[in-house]
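Q: Give me a model of this one.
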Amino acid sequence: MNLFPNRRNLNESAQTMNGFARICSLLLLTASLCPATAPAQAWPAKPIRLVVPFAAGGNTDSIARISAEFLGKQIGQVVIVENKPGANGALAAEAVARAPADGYTLFMATAPQMAVLPHLTKTPYDPVKDFEPVTIVASNVFAMAVGSGVAAKTLDEFAALVRAQAGKMPYASAGSGSVSHLSMASFLTRAKLDMVHVSYKGGAPALADVLAGHVPVYFANVAEVLPHLTGGKIRVLAVSGAQRVPQLPGVPTIAESGYPGFQTNTWNAIAAPARTPKAVVDRIAEAMAIAAKDADFVKRMNAIGVQVVCNKPAEFAAQLREDFTAWGQAVKLSGAKLE
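A: As a prediction, this is how the structure comes out:
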């Protein structure tokens with residue numbers, strides 16, 4: 001028996017060991033060049049876009065800018081407001097729905113895009129399936145505003161005037177299928193009143209004609225009427241919320257004016273593309289929950305006629321489902337068509 005290994009075998013073994021050593025060295029060098037931290041940077045690592053479905057200067061834009069400023073301070077990153085008007089807000093909604101679900105594109109969602117428009121036309125997005133609800137930032141109710149030429153001082157007196165001119169008295173709205181139109185149509189159905197709908201291209205011209213005395217009444221956003229109440233050209237008979245609003249403490253709700261249960265409102269909320277990580281959604285919601293307790297934030301929101309909500313994602317989701325059904329029924333009752 002040969003007790004000594006063949007020299008050729010020894011050389012092959014040495015070469016194999018040397019090759020293995022080189023591979024191990026290469027792997028160690030590669031590992032030393034990689035960061036020891038997680039493969040993805042923690043959110044937020046870059047500025048965030050908050051897409052607004054309307055032009056700059058309106059109520060939704062103001063809410064978005066106040067929210068973006070507060071959110072940015074809370075999360076330590078810049079939140080940029082991007083106005084993307086068009087197609088009744090569907091353009092912005094679709095853009096966000098199709099954006100990467102990474103937390104860097106958010107939507108300043110409003111009830112019209114999420115709960116009304118899909119009942120008026122086929123939208124390129126599904127308000128429930130294509131978004132992650134984050135939080136309803138603020139809500140606002142509607143004010144039944146009449147011009148100075150209208151003799152009625154209460155809702156009952158106004159209803160009596162309408163009955164006396166059944167089917168003849170006009171009312172203004174911000175457009176067919178708008179929340180102002182649907183709110184008034186819902187009230188008329190509930191009160192069994194008949195009026196003529198006059199559709200405008202937005203709330204500003206509708207309110208202008210009420211102020212000028214061309215149309216007697218407009219179911220306006222509270223924020224729209226506040227600047228005009230001191231001039232004597234307009235007054236508010238009732239508001240559409242479940243409770244009176246702090247900006248108009250002396251004005252009763254429609255519910256307490258003889259129509260119990262009547263309620264309509266709209267909201268502005270933050271939504272993210274579907275499948276955005278839950279940790280990101282929760283982080284944003286938690287930051288905005290702090291806003292609800294911030295006196296300056298609340299004061300700024302109240303100044304533009306809205307009430308701060310800042311609820312949880314699950315609460316927003318439940319509200320969206322409820323409103324989607326309710327506004328769908330209002331669209332059917334009104335016979336509204338998209339203009």
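
Q: Pull out the buried residues from stretch 152-164.
A: 152, 155, 158, 159, 161, 162 (16 or more other C-beta atoms under 10 Å). In short, each C-beta sits where N, CA and C put it, glycine included.

Q: The fifth one contacts residue 150, doesn't it?
A: Read it as residue 161. Yes - with contacts counted by C-beta atoms under 8 Å, residue 161 reaches residue 150, the gap being 7.2 Å.

Q: what is in contact with those two at once?
A: Common contacts of residue 161 and residue 150 (C-beta atoms under 8 Å, 6 or more residues apart in numbering): none found.

Q: Tell me which residues touch residue 298, please.
A: Listed by C-beta under 8 Å, 6+ apart, the contact set of residue 298 reads 291, 292, 308.

Q: quick one: which of those is nearest residue 71?
A: Taking C-beta to C-beta as the measure, residue 71 sits nearest to residue 291 out of the contacts of residue 298, at 7.9 Å.

Q: which ones are touching the closest one?
A: 67, 70, 71, 74, 137, 297, 298, 308, 310.

Q: So which of the residues you listed are in strands?
A: With DSSP state E as the criterion, strands contain 137, 308 from among the contacts of residue 291.

Q: Which secondary structure state is assigned to the closest residue to residue 131 other than its chain neighbours?
A: The spatially closest residue to residue 131, leaving aside those adjacent along the chain, is residue 271, at 4.3 Å (C-beta to C-beta, 6 or more residues apart in numbering). At residue 271 the chain is in strand, as set by DSSP: H, G, I helix; E, B strand; the rest coil.

Q: Check what pLDDT residue 271 gets.
A: Residue 271 carries a pLDDT value of 98.

Q: ok, what's across the strand from it?
A: With DSSP bridges as the criterion, residue 271 is bridged to residue 107, residue 133.

Q: Next, count neighbours for it.
A: 29 (other C-beta atoms under 10 Å).

Q: Could you do residue 214 as well?
A: Residue 214: 13 neighbours (other C-beta under 10 Å).

Q: Residue 207: helix or strand, and which one exactly?
A: Assessed by DSSP states H and E, residue 207 sits inside helix 203-211.

Q: And that helix, what's buried?
A: Buried residues in helix 203-211, counted by 16+ other C-beta under 10 Å: 203, 206, 207, 208, 209, 210, 211.

Q: can those residues go into CSV with extra columns for distance to residue 317 and pLDDT?
A: Shown next, in CSV, are the buried residues of helix 203-211 (distance: C-beta to C-beta, whole Å; pLDDT from 0 to 100):
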residue, distance to residue 317, pLDDT
203, 28, 89
206, 32, 94
207, 33, 95
208, 38, 95
209, 38, 96
210, 36, 96
211, 39, 96
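
Q: in the stretch 201-339 of the chain, which spans are strands?
A: 217-221, 234-239, 265-273, 307-308 (DSSP state E, counting those that start in this stretch).

Q: Can you check which of those strands gets nearest to residue 117?
A: strand 265-273 (12.5 Å).

Q: which helices and strands does the closest one pack with?
A: helix 59-75, helix 90-97, strand 105-110, strand 131-147, helix 278-291, helix 313-334 (3 or more C-beta pairs under 8 Å, 6 or more residues apart in numbering; DSSP states H and E).

Q: Please work out which of the ones you listed is packed deepest.
A: strand 105-110 (a mean of 27; mean count of other C-beta atoms under 10 Å).

Q: So which elements touch that strand?
A: By 3+ C-beta pairs under 8 Å, 6+ apart, strand 105-110 packs against strand 48-52, helix 59-75, helix 90-97, strand 131-147, strand 265-273.

Q: Nearest to residue 168, out of the ones you listed?
A: Nearest to residue 168, of the helices and strands packed on strand 105-110 and by C-beta to C-beta, is strand 131-147 at 16.0 Å.

Q: contacts for the next helix or strand after the closest one?
A: Going down the chain from strand 131-147, the next helix or strand is helix 155-164, by DSSP H and E. Contacts with helix 155-164, where a contact means C-beta under 8 Å, 6+ apart, come from 144, 146, 150-152, 169, 191, 193-195, 217, 237-238, 252, 254, 257-258.
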